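In: Make a model of this:
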Amino acid sequence: MPKLVRFLLVHAAIGFGLAFVFVGVLVAFDTGGLRTLMMSSDVGFAAFLLLVFLNGLTFGSVQIGVAVMLLGEEDGDQPNGGDRFWNRAWAHVRAWLAPPPKRAVVTISPKHR
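Out: Now for the predicted structure:
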């Protein structure tokens, strides 16, 4: 999969996860009587899924936009070094999201068993 597509999918998934948590909190705290309304309706589950999906589109788009904007220049390219704290923090997030490195397979010869 190309890096750009993977980048967009990962950040869209993060946005959808945040949207699921957001809608879960809205329903859990019965904000505006939302949980009561969903529980009393026969299409309450569909309403929940629709709310998660539409909020997921919004949160996912915002997450992708923020991620693209944070791709800026490195510390040395910016005047006065830029905001080093956020650049280091973002580097840790990118390292955490990166696929694990391929490891060499080590075999034990029969005489060492």
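In: Restricting to C-alpha, output stretch 27-36 in PDB.
Out: Taking C-alpha atoms only, stretch 27-36 is exported to PDB below (Å, rounded to 0.1, in the frame of the first residue of the first chain):
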ATOM      1  CA  VAL A  27     -25.100   8.800  24.900                       C
ATOM      2  CA  ALA A  28     -23.600   7.700  28.300                       C
ATOM      3  CA  PHE A  29     -24.300  11.100  29.900                       C
ATOM      4  CA  ASP A  30     -27.700  11.300  28.100                       C
ATOM      5  CA  THR A  31     -26.900  14.800  26.700                       C
ATOM      6  CA  GLY A  32     -30.100  16.500  25.600                       C
ATOM      7  CA  GLY A  33     -32.000  13.300  26.300                       C
ATOM      8  CA  LEU A  34     -30.200  11.600  23.400                       C
ATOM      9  CA  ARG A  35     -30.000   8.200  25.100                       C
ATOM     10  CA  THR A  36     -33.600   8.300  26.200                       C
END
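In: What are the contacting residues of stretch 26-40?
Out: Residues from elsewhere that reach stretch 26-40 (C-beta atoms under 8 Å, 6 or more residues apart in numbering): 44, 45, 47, 48, 51. For every residue, glycine as well, the C-beta is placed using N, CA and C.
In: List only buried entries from these.
Out: Buried members of those, counted by 16 or more other C-beta atoms under 10 Å: 44, 48, 51.
In: Leaving out chain neighbours, which residue sits closest to the residue most central in space within the chain?
Out: With distances taken as C-alpha atoms, centre = their mean, residue 14 lies nearest the centre of the chain, 1.8 Å away. Excluding its sequence neighbours, the residue lying closest to residue 14 (C-beta to C-beta, 6 or more residues apart in numbering) is residue 63, at 5.2 Å.
In: now do residue 97
Out: Closest residue to residue 97 apart from its sequence neighbours, by C-beta to C-beta, 6+ apart: residue 10 at 5.8 Å.
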